[in-house]
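> okay, predicted coordinates and the sequence, questions at the end:
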Number of protein chains: 2
Amino acid sequence: MKLNKNANTHILIVGLGLLGGSYALALKKKGYHVEAITRRQSTIDYALEHGMIDAGAAVVDPAMVARAELIVFALYPHVFLDWIREYQNLFTPGTILTDVTGVKGSVVYEIQDMLREDVEFIAAHPMAGKEVYGIENSDDRIFQNANYIVVPTEKNTEDAIALCEELGHELGFRSISRLSPEMHDEMIAYLSQLTHCIAVSLMCCHDNEHLVEYTGDSFRDLTRIAKINDAMWSELFFMNKKELLAQMDLFMNKFRELRDSLEQGRAEDMRAMMRLSTERRKLFDK
Amino acid sequence: MKLNKNANTHILIVGLGLLGGSYALALKKKGYHVEAITRRQSTIDYALEHGMIDAGAAVVDPAMVARAELIVFALYPHVFLDWIREYQNLFTPGTILTDVTGVKGSVVYEIQDMLREDVEFIAAHPMAGKEVYGIENSDDRIFQNANYIVVPTEKNTEDAIALCEELGHELGFRSISRLSPEMHDEMIAYLSQLTHCIAVSLMCCHDNEHLVEYTGDSFRDLTRIAKINDAMWSELFFMNKKELLAQMDLFMNKFRELRDSLEQGRAEDMRAMMRLSTERRKLFDK
């Protein structure tokens, strides 16, 4: 299949949180027919009132699932696995499934292994979000300037991979790339999970309420993501435990290197690390 | 003395880098008479061409120093100390000196101890900056929404403290507070120096150029300040070594706590840290 707004491709979003809602916003604007299934009726009502979806249900509506050509799962990892287990009988043959899950190794293979042969799951990770959640905070502008990673395995067809990349384009992502589940999880452990661990730890160091009177932007920047959904992120951390531990240890070693150069008065070693970080960071300017 | 734009208070800025230049911009706009001494003639030329100062010199001009009522030192700490040692004979009695230095304990007492009795040094730390430097990057908007810390000692008069606070107001700072040199250095070790150590260490972990294709905003935010002036920051770190080491160790312990809760599968401990960091971070939203 191909995405086709003129032929009114039916896209179903399962889970209307911040990301699911932002997908709905972006895809509706592009002219697709968007439906949604989520737990609360109030979320469906909100999405309908705000023109984010064409139809929605707070229960798993078999007809809605059956008429979807592309289904995006925007659920917590364990809920996603349970959902597939319970409802995959409802898919129409040929349906393409994708997701937004933040870890891949422990999800993709399990889904693909249990999945019916006549549908295909192609994993993706939109590297976009906010430190708030819920459909009310949906915002399709978070995809601009952001990265979208498609995570195929040997089981995926080139057609489904291309469709998934097209979805990334339609959502408005700036850069779309492919990674294996293993490479994805290593990257994400470093770029996303480790940064959240750092922010949380940093914020937990002191309980002085007056700190805010003395702080500069650097502390604000480093702790923005210390506002964190503890249920979701702890689940993601444990699902990527081995990689995250490896990255945390790597960071601790570098941090200790800097600390020891301070303690031992090795200014040149310290400055060499600073010059290296300055050089490397330049690549990341938007 | 009091700041008085109508009476044309003469303010001298020594050191026209990013901060000195931004002070000049802000104070000229407010109507003060602003002069500057800095090392390079090209910097003086730039400042004159851009209307940032009324007069300037690339050497220490005795007449310029003598006619200044308020002098702001925006120099590297060791240069600041040397300058006072060499040129303090040029001050007119009653001159008020202030600074922008990022550490206080190892600077303020030494300056005050060597200083002539008929002038007064009141220390201040504008918590504003950029990850770039030089007069070309001057920008007085960096003071908006930023904090300004006045750092008096027992040697300071209430008049000079009030003048210094007024300077903070005139520069446009949102919040102005007072801290002792010791409290200042502890705060700064945590809020500013530690965050820079984290950013540098994080950026040094990997040298994969492709990372930029996969990253989200969290990594960008945490490493913005990894672009760092290694000469200035290493000097500041060593001048605040004891406090910075204490804060680095405190952070490492918290980080290890989170790491161990991951390794040992203690989800509730991990989530408790996340909820604490979420709660605390709310205070820092601008």
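Yep, it's here.

> residue ranges of the strands in the stretch 151-286 of chain A, please?
Under the criterion DSSP state E, counting those that start in this stretch, strands of the stretch 151-286 of chain A are mapped to A:175-178.

> where exactly do the helices run in it?
With helices called from DSSP state H, counting those that start in this stretch, the stretch 151-286 of chain A shows them at A:158-171, A:181-188, A:195-204, A:211-214, A:217-223, A:230-239, A:241-263, A:267-281.

> and the worst-scoring helix or strand of chain A on mean pLDDT, what does it pack against?
The least trusted helix or strand in chain A, going by mean pLDDT, DSSP states H and E, turns out to be helix A:211-214, with a mean of 84. With contacts taken as 3 or more C-beta pairs under 8 Å, 6 or more residues apart in numbering or on different chains; DSSP states H and E, helix A:211-214 sits against strand B:147-151, strand B:175-178, helix B:181-188. Every residue, glycine included, has its C-beta placed from N, CA and C.

> give the other helices and strands that the longest one contacts.
Pointing back at helix B:181-188 there. helix A:211-214, helix B:105-114, strand B:123-127, strand B:147-151, helix B:241-263.

> ok, which of these comes nearest A:Glu120?
helix B:241-263 (33.2 Å; C-beta to C-beta).

> count of neighbours near A:Asp159?
Using other C-beta atoms under 10 Å in any protein chain shown, A:Asp159 is surrounded by 13 other residues.

> roughly how far apart are the residue nearest to it when sequence neighbours are not counted and B:Gly102?
Take A:Asp159 and drop its neighbours on the chain: the residue closest to it by C-beta to C-beta, 6 or more residues apart in numbering or on different chains is A:Met1, 7.7 Å away. Separation of A:Met1 from B:Gly102 (C-beta to C-beta, to the nearest Å): 59 Å.

> A:Gly20: how many residues sit nearby?
A:Gly20 has 26 nearby residues by other C-beta under 10 Å.

> also the one 5 residues further on?
By the criterion of other C-beta under 10 Å, A:Leu25 has 24 neighbours.

> same question for the one 3 residues further on.
When neighbours are defined as other C-beta under 10 Å, A:Lys28 has 19 of them.

> so it touches A:Ile53, yeah?
Yes: contact criterion C-beta atoms under 8 Å: A:Lys28 and A:Ile53 qualify, at 6.9 Å.

> tell me, what's touching those two both at once?
A:Val34 (C-beta atoms under 8 Å, 6 or more residues apart in numbering or on different chains).

> how about the residues of the stretch 1-150 of chain A that lie near chain B?
A:127-129, A:146-147, A:149 (C-beta under 8 Å from any C-beta of the partner chain).

> now the end-to-end length of stretch A:184-192.
Using C-alpha to C-alpha, to the nearest Å, the end-to-end distance of stretch A:184-192 comes out at 11 Å.

> avg pLDDT for it?
Taken as a whole, stretch A:184-192 carries a mean pLDDT of 95.

> re the thing from before, and the residues of the stretch 1-150 of chain A next to chain B, which are buried?
A:127-129, A:146-147, A:149 (16 or more other C-beta atoms under 10 Å in any protein chain shown).

> show me what counts as buried in stretch A:51-61.
Neighbour-count burial for stretch A:51-61 [16+ other C-beta under 10 Å]: A:52-58, A:61.

> tell me where the stretch 1-150 of chain A has strands.
Using DSSP E, counting those that start in this stretch, strands in the stretch 1-150 of chain A cover A:10-14, A:33-37, A:55-57, A:70-73, A:96-99, A:120-121, A:123-127, A:147-151.

> mean pLDDT added to the ones you listed, as JSON lines?
Listed next are the strands of the stretch 1-150 of chain A as JSON lines, based on pLDDT from 0 to 100:
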{"stretch": "strand A:10-14", "mean pLDDT": "97"}
{"stretch": "strand A:33-37", "mean pLDDT": "97"}
{"stretch": "strand A:55-57", "mean pLDDT": "98"}
{"stretch": "strand A:70-73", "mean pLDDT": "98"}
{"stretch": "strand A:96-99", "mean pLDDT": "98"}
{"stretch": "strand A:120-121", "mean pLDDT": "98"}
{"stretch": "strand A:123-127", "mean pLDDT": "96"}
{"stretch": "strand A:147-151", "mean pLDDT": "96"}
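
> now distance to B:Asp207 too, for those strands, in a markdown table please.
Listed next are the strands of the stretch 1-150 of chain A as a markdown table, based on distance: least, C-beta to C-beta, whole Å:
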| stretch | distance to B:Asp207 |
| --- | --- |
| strand A:10-14 | 38 |
| strand A:33-37 | 42 |
| strand A:55-57 | 46 |
| strand A:70-73 | 35 |
| strand A:96-99 | 30 |
| strand A:120-121 | 33 |
| strand A:123-127 | 20 |
| strand A:147-151 | 19 |
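
> where does chain A dip in pLDDT?
A:5-7, A:286 (pLDDT under 70).

> okay, now the domains of it?
By the assignment in automatic domain parsing, chain A contains the domains A:10-179, A:184-284.

> and the helices of the stretch 151-286 of chain A, which is most packed in?
Of all these, helix A:195-204 has the most neighbours on average by mean count of other C-beta atoms under 10 Å in any protein chain shown, namely a mean of 25.

> what lies in contact with that helix?
A:219, A:222-226, A:228, A:233, A:237, A:244, A:248, A:251, B:194-195, B:198, B:202, B:218-219, B:221-222, B:251, B:254-255, B:257-259, B:273-274, B:276-277, B:280-281.

> and it with helix B:194-204, angle?
With axes from the mean of the first three to the mean of the last three C-alpha atoms, to 10 degrees applied, the angle from helix A:195-204 to helix B:194-204 works out at 160 degrees.

> starting at the chain centroid, how far to helix A:195-204?
Centroid separation for helix A:195-204 versus its chain: 19 Å, with C-alpha atoms, centre = their mean, to the nearest Å.

> got it, and stretch A:14-26?
Centre to centre, stretch against its chain (C-alpha atoms, centre = their mean), the figure for stretch A:14-26 is 12 Å.

> list the buried residues of that stretch.
Quick answer for stretch A:14-26 (16+ other C-beta under 10 Å): A:14-26.

> stretch A:27-36 too?
So for stretch A:27-36, counting by 16+ other C-beta under 10 Å, buried means A:27-28, A:32-36.

> farthest-apart pair in these, please.
Using C-beta to C-beta, the two most remote members of the buried residues of stretch A:27-36 are A:Tyr32 and A:Ala36, lying 12.2 Å apart.

> ok and the residue in the stretch 1-150 of chain A nearest chain B?
Nearest residue of the stretch 1-150 of chain A to chain B (C-beta to the nearest C-beta) works out as A:Met127 at 3.9 Å.

> and that residue, what does it touch?
By C-beta under 8 Å, 6+ apart, the neighbours of A:Met127 are A:146-149, A:192, B:214-216.

> try A:Asp230
Per C-beta under 8 Å, 6+ apart, neighbours of A:Asp230: B:270-271, B:274-275, B:278.
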